[in-house]
Structures are given as C-alpha cells and as structure tokens.
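Enquirer: need a 3D model of the sequence below.
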Amino acid sequence: MTRLVATSRTIALGIGATGLLALPLALDVRIARVAQPLTGAWRSIPVARRRSTLLGISFRPPQVEAFGLEAQPVLQTLLEYPFQIIRLGAYWNRIEMAPGAFDPGELDRQIEAAEQSGKQIILCVGALKCFGYPEFFAPPHHLARSLPEHALIGLDSHPALLAAATEFIIRIVERYTSHSSIVAWQVENEAVDPLGIEHSWRLAAAFIAKEVEAVRRADPSRPILMNGFLPPTLPGQIAQWWQTRDQGDSLTVAQHLADIVGIDYYPRYAVAAFGPTAVYLDGTKRRWARRRVRKLLAATRGRQRLMISEGQAEPWEVTTIPPNLPATAMASCRPEEVITNYNACLDWFAADPSPYAYLFWGAEYWMLREQSGDSSYLQAFARILEQS
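Expert: Numbering: from 1, shown residues only. A predicted model of the protein is given here:
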C-alpha cells in the first residue's frame with residue numbers, strides 16, 4: 001500500500017538543511033507539478049558511448065510485489081534485453097524466515113535465470129541492508145528489541161547481531177561461490193548511512209569491516225563492492241556530512257574497505273508535496289556531484305574501480321511506491337531522464353577510464369508502466385543498449 005510519507009533520505013537530505021546557505025539552496029530547489037505530460041523526447045536525445053562500461057539493472061523482488069506483479073515472469077522479461085550485468089540481492093528475512101530456517105529457493109531461481117541469459121551477476125549478500133525499500137531486512141528473530149535510534153550499531157553494542165549477520169553472509173557466499181557468473185559480492189547497501197525518516201541508527205564502520213572480512217575469508221578471489229549515495233545538491237551534501245561526520249559516509253567507508261566503489265546517483269527527488277505540486281531538490285544543472293566524483297577518481301586511481309551502482313531511472317516522489325498515472329510521467333524522472341542521467345554519469349569519466357558498470361535503477365517500474373500501457377521507459381532503456 002502506498003504510504004504518503006517521505007522516502008528514506010528525503011527529509012534528512014532536504015528539509016534538514018533548508019536553513020543553511022539560502023541562495024545555494026534556492027538554486028537547488030525546483031517546484032513543479034508532479035504529473036508531467038508524456039513526450040517523445042527520449043527518442044531523439046543523443047546517447048553517450050559506454051566504451052568498456054557494462055550496462056545492467058538491479059532486481060528487487062519486494063518492489064515487484066509492491067507493484068502487484070509476479071517476480072519471476074518480470075525477471076524473465078527483463079533478462080531478454082541485451083544488457084551485460086545484473087545485481088541480485090540475498091534478502092535475509094526472505095531466506096531465513098524463522099530461527100534455523102534457510103530457504104534460498106527464490107534466489108536460486110533468479111541466479112539460474114540470469115545465468116541462462118548469459119548475464120554476469122553482482123550478488124548483494126547483505127546482511128542487514130540490501131537494496132530496495134525499506135532497505136533493512138534483518139529477520140525479527142535476530143532483534144530482541146528495535147535497534148536504538150540515533151545510535152551506532154557496533155561490535156560491542158550488538159555482538160549477537162554481528163555473529164548472525166556474518167554467519168548468514170558466509171553461508172550465502174559458500175553456496176554460490178562455484179557460480180562463475182558471479183563477478184562480485186556486495187556487502188550491505190549504503191552501508192553506514194542512516195535510513196532517513198524510517199530509522200536514524202547507523203551501522204558502525206567496524207561492524208561493516210567484520211562483514212567484509214567474513215566475505216574475503218569465504219571467497220578471497222572475487223572483488224567486493226560497496227556503494228554510497230552521492231548527494232547531487234548542496235543541501236544534501238551538508239545534511240549527509242552532518243549525519244555521518246563521526247566516521248564518514250558510505251562512499252568514504254567504501255574507499256577504505258571495498259575493491260569496487262559504487263555511486264548511487266539520484267539527481268532529482270521530491271522533499272514535499274502540496275496537492276498536485278511538489279518541491280524537488282534538483283541537482284541536474286549543478287556540479288556538486290561531479291566534484292565529488294572527481295575526488296573519488298583521484299583517490300581510487302590505480303587501487304579501486306568505480307561504478308554507478310544505482311543510476312536513477314524511475315521517479316522518486318514523496319511516496320514509497322512511485323506513482324503510476326496514465327498518460328503522464330512523474331517530474332522526478334521522466335523517460336527522457338533515463339537517458340540524460342546515464343549521459344551525465346558517463347560524462348564524469350570522459351577524460352578517465354570508463355566506469356566498471358552502470359546499473360539502471362527502476363526496471364521493475366518500467367515493467368509496471370509497460371503493463372499499464374506506457375512502454376517509453378523500457379524503450380528508452382532499449383535505445384541506450386542499442387546505441388551506446
């Protein structure tokens with residue numbers, strides 16, 4: 001059911017910084033009608049060359065179900081497109097639904113389908129945070145009580161949770177390590193950032209380091225991906241710095257622990273709505289994200305690879321489920337922005353080696369739109385695959 005609340009970073013990255021630096025804030029704010037007319041602009045926008053970058057998607061079974069669709073048929077349809085790589089997730093509470101249970105059948109079927117389609121796979125092993133709303137997937141039986149808000153979840157405060165998480169991670173890695181299709185493991189998702197309005201607790205960097213150690217022991221041969229949100233606006237950057245100033249944000253921690261640093265890029269998202277109108281933080285015309293990427297390139301050159309682990313290709317409005325209104329596109333991400341967001345990210349690397357991969361975020365939404373009579377998101381994606 002759609003909830004009329006802000007999504008995970010909306011308030012933390014937007015409203016929390018509105019009193020600071022009024023002029024730069026004003027430049028990053030856009031007020032627009034949520035529902036925009038569909039156009040054919042996606043048909044004519046030039047497509048950036050990908051060079052050696054692998055193109056792919058992430059697949060979120062919880063989101064598919066929230067849309068009222070069936071996961072396996074949706075996955076099969078998406079796998080027919082000629083992209084190279086897919087990110088799948090080991091959702092802890094879907095695999096270990098009771099104490100002592102371990103049922104990875106759903107994930108087995110996803111991996112088998114991806115392999116039959118010739119895709120490379122990045123597998124997120126969690127354990128606590130995996131990609132997709134609500135981003136926190138620890139089974140309730142491992143939580144005697146809710147995690148304390150405004151706290152770091154660390155080695156000393158939650159040793160039993162860490163032990164259970166590393167046990168699950170090792171079990172997942174050992175189960176799939178023989179699959180040559182798996183090219184990397186992802187540990188947590190935006191590992192040390194808070195979940196915004198949903199939760200203010202954060203995982204400690206030392207907690208994450210133990211999980212990374214467990215993966216490396218179980219499989220020393222494959223690289224580890226860690227990702228982080230890249231604020232596209234000045235208010236977002238200030239809010240993220242303030243919330244994570246004690247140990248750095250997820251991109252900073254990834255630089256210390258991972259082999260592949262993944263950038264999550266959402267250049268426009270809603271922070272408030274008033275009837276048919278919404279207030280957006282919009283970094284599409286600003287250079288804050290580019291500056292951070294240039295610093296990442298300088299810091300990681302020769303040591304780590306960079307990739308776009310989430311490139312915005314679905315709307316981010318004030319509802320947890322993106323709206324699906326007939327004959328319209330949401331202002332936060334219209335079909336043409338599937339292409340322009342991709343182009344912007346590839347342009348960051350124009351004078352450098354191309355990013356390892358670019359994963360489009362929102363494939364499940366494209367399928368919902370297609371079943372509702374609008375195939376423009378899927379066609380924009382297909383156009384990138386054909387012309388890049």
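
Enquirer: so for Pro24, what's the pLDDT?
Expert: Here the pLDDT value assigned to Pro24 is 64.

Enquirer: meant to ask about Leu27
Expert: So, for Leu27, pLDDT stands at 81.

Enquirer: helix or strand: which one has it?
Expert: helix 22-28 (DSSP states H and E).

Enquirer: packing partners of the helix or strand just after that helix?
Expert: Downstream of helix 22-28, the first helix or strand assigned by DSSP H and E is strand 29-33. With contacts taken as 3 or more Cβ pairs under 8 Å, 6 or more residues apart in numbering; DSSP states H and E, strand 29-33 sits against strand 277-282. Every C-beta, even on glycine, is put in place using the N, C-alpha and C of the backbone.

Enquirer: direction included, what does the strand it packs on pair up with?
Expert: strand 29-33 (antiparallel), strand 268-274 (antiparallel) (DSSP bridges).

Enquirer: give me the residues contacting that strand.
Expert: Strand 277-282 has contacts (Cβ atoms under 8 Å, 6 or more residues apart in numbering) with 13-14, 28-34, 232-233, 235-236, 267-273, 317-318, 331-332.

Enquirer: buried set for it?
Expert: Ala278, Val279, Tyr280, Leu281, Asp282 (16 or more other Cβ atoms under 10 Å).

Enquirer: then stretch 238-245?
Expert: Ile238, Ala239, Gln240, Gln243, Thr244.

Enquirer: over to stretch 198-209?
Expert: Glu198, His199, Trp201, Arg202, Leu203, Ala204, Ala205, Phe207, Ile208, Ala209.

Enquirer: show residues contacting it.
Expert: 8, 128-129, 134-136, 147-155, 158, 162, 187-188, 191-194, 226, 243-244, 247-248, 253, 256-257.

Enquirer: what's the span of that stretch from first residue to last?
Expert: End-to-end distance of stretch 198-209 (Cα to Cα, to the nearest Å): 24 Å.

Enquirer: now the element after the helix or strand where Ala239 lies, going C-ward?
Expert: Using DSSP H and E, Ala239 maps to helix 234-243. Downstream of helix 234-243, the next assigned helix or strand under DSSP H and E is helix 250-257.

Enquirer: just the CA trace of that next one, in CSV.
Expert: The C-alpha trace of helix 250-257 is given here as CSV (Å, rounded to 0.1, in the frame of the first residue of the first chain):
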residue,chain,number,x,y,z
SER,A,250,29.3,5.2,2.8
LEU,A,251,31.4,6.3,-0.1
THR,A,252,34.2,7.2,2.3
VAL,A,253,34.0,3.9,4.1
ALA,A,254,33.9,2.1,0.7
GLN,A,255,37.2,3.7,-0.2
HIS,A,256,38.8,2.0,2.8
LEU,A,257,37.1,-1.4,2.6
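
Enquirer: tell me what it is packed against?
Expert: helix 205-218, strand 224-229, strand 260-265, helix 288-300.

Enquirer: again, only using 10 Å
Expert: Judged by 3 or more Cβ pairs under 10 Å, 6 or more residues apart in numbering; DSSP states H and E, helix 250-257 is in contact with strand 202-203, helix 205-218, strand 224-229, strand 260-265, helix 288-300, strand 305-312.

Enquirer: so how far is the last one from its chain's centroid?
Expert: The one in question is strand 305-312. With Cα atoms, centre = their mean, to the nearest Å as the basis, strand 305-312 stands 8 Å off its chain's centre.

Enquirer: check the first one too.
Expert: Relative to the chain's own centre, strand 202-203 is displaced by 17 Å; criterion: Cα atoms, centre = their mean.

Enquirer: one step back: out of the strands paired with strand 277-282, deepest packed?
Expert: Of all these, strand 268-274 carries the top mean neighbour count, a mean of 20, counting by mean count of other Cβ atoms under 10 Å.

Enquirer: so Ala191 makes contact with Asn227?
Expert: Yes. In this structure Ala191 lies within contact range of Asn227 using Cβ atoms under 10 Å: 8.0 Å.

Enquirer: quickly list what's touching both of those two.
Expert: With contacts taken as Cβ atoms under 10 Å, 6 or more residues apart in numbering, Ala191 and Asn227 have Ser250, Leu251, Ala254, Ala258 as neighbours in common.

Enquirer: what's the closest of those residues to Phe83?
Expert: Ala258 (22.9 Å; Cβ to Cβ).

Enquirer: would you check how far apart that closest one and Ala151 are?
Expert: Note on Ala258: its distance to Ala151, by Cβ to Cβ, to the nearest Å, is 24 Å.

Enquirer: looking at these two, which is more packed in?
Expert: Ala258 (27 against 13; other Cβ atoms under 10 Å).

Enquirer: what sits against the residue nearest to Phe229 when sequence neighbours are not counted?
Expert: Excluding its sequence neighbours, the residue lying closest to Phe229 (Cβ to Cβ, 6 or more residues apart in numbering) is Asp264, at 4.7 Å. Contacts for Asp264 (Cβ under 10 Å, 6+ apart) come out as 9, 131, 189-190, 193, 227-231, 250-251, 308-312, 359, 361.

Enquirer: confidence-wise, which helix or strand of the chain is lowest on average?
Expert: Least confident helix or strand of the chain, by mean pLDDT, DSSP states H and E, is helix 10-13 with a mean of 44.

Enquirer: re the thing from before, in CSV: the buried residues of stretch 198-209, plus distance to Glu336 and pLDDT.
Expert: Listed next are these as CSV, based on distance: Cβ to Cβ, whole Å; pLDDT from 0 to 100:
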residue, distance to Glu336, pLDDT
Glu198, 31, 76
His199, 34, 84
Trp201, 38, 94
Arg202, 36, 96
Leu203, 36, 97
Ala204, 41, 98
Ala205, 39, 98
Phe207, 41, 98
Ile208, 37, 98
Ala209, 41, 98
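
Enquirer: closest one of the residues you listed to Gln116?
Expert: Ile208 (33.3 Å).

Enquirer: for the stretch 101-250 of the chain, what are the low-confidence residue spans?
Expert: 197 (pLDDT under 70).

Enquirer: how about the strands in it?
Expert: Remark: strands assigned in the stretch 101-250 of the chain by DSSP state E, counting those that start in this stretch are 120-124, 152-153, 182-186, 202-203, 224-229.

Enquirer: good, we can wrap up now.
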